[in-house]
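> I would like the atomic coordinates for the input below:
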Amino acid sequence: MKHSVFWAALAVSGLAVGGLAMSGLAVGAAQAESIRIGHIDPFSGTFSNVGVVNGKHVQFGADLVNEAGGVLGGKTFEVVRFDNKASAQETVIAFQEALDQGIRIITQATSSGIALALADAVNKHNRRNPDDPVLYLNYGSADPSLTRDKCNFYMFRFEAHSGMKQAGLTDLIAADKDIKKVYIIGQDYGHGHEVSRYTKEMLAEKRPDIEIVGDEFHPFGKVKDFTPYVAKIKAAGADAVVTGNFGADLTLLIKAANSAGLDAKFFTQYSGTFGTPTAIGAAGVGRVYDAAPWHPDVPVEQDNAAAGQLVSGFQEKYGEDLYYVQILVQMQMLAEAIEAAGSTDPKAVAGALSGAAFDGPTGKMTMRASDHQLFHPLFMSVFTGEGITNDAEGTGLGWKTVLTVNGDQLSDDSTCEVKRP
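Model (predicted):
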């Protein structure tokens, strides 16, 4: 099978999509011949907006596979959700619940710190149970260490990490001669620290004249008012703000910046969804840049009708913007790996995924065999009202690509090598 599930599904209209299920319960009707996938993410608490949006994408990706005929002669994907409340401890508990239910394929991504805890739990289980392993599919945790330092045969990441994204963003910063002072602010955990490190190292090489006037970390998901942080950014005279924040930590930062009249440019990784475009509003036009594998106008820019159908299909089902295309890629690549392996056995599926090539909705993608990091196109875009066909969150404003980095142009500093069991 070569890409048939993904592209055939685009022609199908009216796919059945179930609503959100309670923790640990399957979404939609259980299938007699189903392949259960445990989705562990926050469906309550501060980052529930992130988990809920991502959950819809996971289900949408499963529906695309199922409506195209499923895998292995008709077996369908069944998504089972577990609420981890954005807690590492709750994540480990949820993982055990999934194990107890016989689930051996897990997906997760919200918060790299939680991803590292889950990866550790999966690795421990697999070491103790070599004949009953679990496959862990991470659709987008940004901490490079997941594949750079802690790569594992049974773990795969389907989105570029923070270092890859910062390479593109620092290219934009370096090319903007009006930027003389940069303030870095981020969540106080691995991903935030990596964004800071990569930004400083890359700008020192590309624009050594730029002054880093702030390098600050704040508690993850705890700050309700970013006004004091914005006051420090203004006092430092920053021309640009670099942040890896996401969810409420980004929307609240943007709102505080707008309220304070901060006119610095923002260079981000997660401004495309979770309410952030709405928070940005007209005040952010021409000032907010984002690095991501997707934005709603990519299909228009690429004249890609099939990708455009993904946008309209998701909008029809959920009344929301399609954002996490890499989740759809993950579900499709999983389907193709199962077909290639002729089995749902995690070891066989992992072997098929390792080194796999895929013609994705935005271009060519490759799962690097050495550390199981996916390489795919990245789009550096600016928030604008000019020339937008598919706006963001009904704002009338949207994203326009200013720099594209193809998958084969991405680079990172990983030297990790997975060990095959």
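> how about the strands of the stretch 301-421 of the chain, start to end?
Shown for the stretch 301-421 of the chain, the strands assigned by DSSP state E, counting those that start in this stretch span residues 357-360, 363-367, 374-375, 378-384, 398-405.
> which one of those lies nearest to residue 261?
Checking those against residue 261 by C-beta to C-beta gives strand 378-384 as the closest, at 17.3 Å. Glycine gets a C-beta too; all of them are placed from N, C-alpha and C.
> ok, the closest one: who's next to it in the sheet?
Paired neighbours of strand 378-384 in the sheet (DSSP bridges): strand 288-292 (antiparallel), strand 398-405 (antiparallel).
> just say which of those strands is most tucked in.
Ranked by mean neighbour count, the strands paired with strand 378-384 are led by strand 288-292 with a mean of 26 (mean count of other C-beta atoms under 10 Å).
> residues in contact with residue 275?
For residue 275, the contact set (C-beta atoms under 8 Å, 6 or more residues apart in numbering) comprises 49, 251, 393.
> state the distance from it to residue 221.
With distances taken as C-beta to C-beta, to the nearest Å, residue 275 is found 15 Å from residue 221.
> neighbours of residue 46, how many?
A count of nearby residues for residue 46, using other C-beta atoms under 10 Å, gives 16.
> quick revisit: nearest to residue 216, of the strands of the stretch 301-421 of the chain?
Among the strands of the stretch 301-421 of the chain, strand 378-384 sits nearest to residue 216 (C-beta to C-beta), with 23.4 Å.
> can I get the closest one in PDB, CA atoms only?
Provided in PDB are the C-alpha atoms of strand 378-384 (Å, rounded to 0.1, in the frame of the first residue of the first chain):
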ATOM      1  CA  LEU A 378       8.300  23.900   7.900                       C
ATOM      2  CA  PHE A 379       6.600  27.200   7.200                       C
ATOM      3  CA  MET A 380       7.700  30.500   8.700                       C
ATOM      4  CA  SER A 381       4.600  32.800   8.400                       C
ATOM      5  CA  VAL A 382       3.500  36.200   9.500                       C
ATOM      6  CA  PHE A 383       0.100  37.200  10.800                       C
ATOM      7  CA  THR A 384      -1.600  39.500   8.300                       C
END
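> could I get the contacts of residue 275 as a markdown table with distance to residue 227, neighbour count and pLDDT?
A markdown table is the format used below for the contacts of residue 275 (distance: C-beta to C-beta, whole Å; neighbours: other C-beta atoms under 10 Å; pLDDT from 0 to 100):
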| residue | distance to residue 227 | neighbour count | pLDDT |
| --- | --- | --- | --- |
| 49 | 22 | 16 | 87 |
| 251 | 14 | 22 | 94 |
| 393 | 24 | 20 | 93 |
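> okay if I get the residues you listed as CSV plus distance to residue 91?
Listed next are the contacts of residue 275 as CSV, based on distance: C-beta to C-beta, whole Å:
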residue, distance to residue 91
49, 18
251, 23
393, 29
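> next, count neighbours for the closest residue to residue 145 other than its chain neighbours.
Leaving aside its sequence neighbours, residue 145 sits nearest to residue 190 (C-beta to C-beta, 6 or more residues apart in numbering; 6.4 Å). Residues lying near residue 190 (other C-beta under 10 Å) number 20.
> I'd say residue 190 and residue 113 touch.
Yes - applying C-beta atoms under 8 Å as the test, residue 190 and residue 113 come out as touching, 5.9 Å apart.
> what residues are shared contacts of those two?
residue 143.
> now the end-to-end length of stretch 168-184.
With C-alpha to C-alpha, to the nearest Å as the measure, the ends of stretch 168-184 fall 16 Å from one another.
> buried residues in that stretch, which are they?
Under the neighbour-count criterion of 16 or more other C-beta atoms under 10 Å, stretch 168-184 has 168-174, 176, 179, 181-184 buried.
> nearest to residue 374, out of these: which one, please.
When the buried residues of stretch 168-184 are compared against residue 374 (criterion: C-beta to C-beta), the nearest one is residue 168, at 16.0 Å.
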